[in-house]
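# no sequence on hand, only this structure:
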C-alpha cells in the first residue's frame, strides 16, 4: 500500500476539510476537497487517511466533453457508478477484453489495475467513484484546487504536471493507444 506524508503537497492545500484520521464525520453536498481536472469537477469524499489506507471515494461532475486520454493505473482498481447522466467508458486489457460501453443512470463499471481505459461524458453527468487508497489524491496532483459547485471552465495541466502526477500515483498516460471502437 502507498501512504503519503501529512505534509504531502497534494493534501496540504485541503487541510481541515476531511478529518485525516479514521473517525466518523459528515460533510455536506459540495463540501469535500475539490479540484478541476480538464472540464471535470472532482470532489474527494473520503481518502486513505480516513480508511486506514483501504480505499478512497469521490464524485466527478462534468458536462458533455471530449474523451479523456487513454491511461492505465498500475496499482489502482477503480469503479464508476453513474448517479445521473451518461458516460461512455472504453476498457482494453490488451489481450482478450475490448469494450466501449455507454453507462446511464444506475449503471456500474469496474476497472481493475492495468486495464487501459478512458471515458467521455455524453451529457451532464455525476459519477460516484472509488479506488485503491491514496489514488484519490491524483485528482489534486493533476488538477487545480477550486471552490466551484458545478464544473465550469477548463484546466489543462502541462504535460510535466501530468507526468509527475502519473509517476507519483502509478498512472501511465497512453495518448497513442487506439481503442477498438
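Received it, and whenever you're ready, just let me know what you need. None of the values given here were measured: they were computed from a predicted structure.

# what segments of the chain are helices?
9-12, 138-142, 159-168 (DSSP state H).

# now tell me what touches the second one from outside.
For helix 138-142, contacts defined as CB atoms under 8 Å, 6 or more residues apart in numbering pick out 10-11, 13-14, 33, 35, 37, 42, 44, 58, 157, 161-162, 164-165, 168-169, 171. To be clear about C-beta, it is placed using only N, CA and C from the backbone, and glycine gets the same treatment.

# most packed of the helices of the chain?
Of all the helices of the chain, helix 138-142 has the most neighbours on average by mean count of other CB atoms under 10 Å, namely a mean of 24.

# span of stretch 40-51 from start to end?
25 Å (CA to CA, to the nearest Å).

# list the helices and strands the least confident helix or strand in the chain by mean pLDDT packs on?
The helix or strand of the chain with the poorest confidence is helix 9-12; it has a mean of 90 (mean pLDDT, DSSP states H and E). Packing partners of helix 9-12 (3 or more CB pairs under 8 Å, 6 or more residues apart in numbering; DSSP states H and E): helix 138-142.

# which residue lies nearest the spatial centre of this structure?
The structure's the chain has its C-alpha centroid closest to residue 139; by CA atoms, centre = their mean the separation is 5.7 Å.

# what's the distance between it and residue 76?
To residue 76, residue 139 is 12 Å away according to CB to CB, to the nearest Å.

# overlap in contacts of those two?
What both residue 139 and residue 76 touch, as defined by CB under 8 Å, 6+ apart, is an empty set.

# in TSV: the helices of the chain, plus distance to residue 87.
Formatted as TSV, the helices of the chain follow (distance: least, CB to CB, whole Å):
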stretch	distance to residue 87
helix 9-12	25
helix 138-142	16
helix 159-168	21
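
# and residue 27, how many neighbours?
Residues near residue 27, counting by other CB atoms under 10 Å, number 15.

# right, and residue 130 touches residue 60 too?
No - assessed by CB atoms under 8 Å, residue 130 is found out of contact with residue 60, at 11.4 Å.

# helices and strands around the strand ranked longest in the chain, which ones?
Assignment by DSSP state E gives strand 116-132 as the longest strand of the chain. Where contact means 3+ CB pairs under 8 Å, 6+ apart, strand 116-132 is packed against strand 55-62, strand 71-73, strand 78-92.
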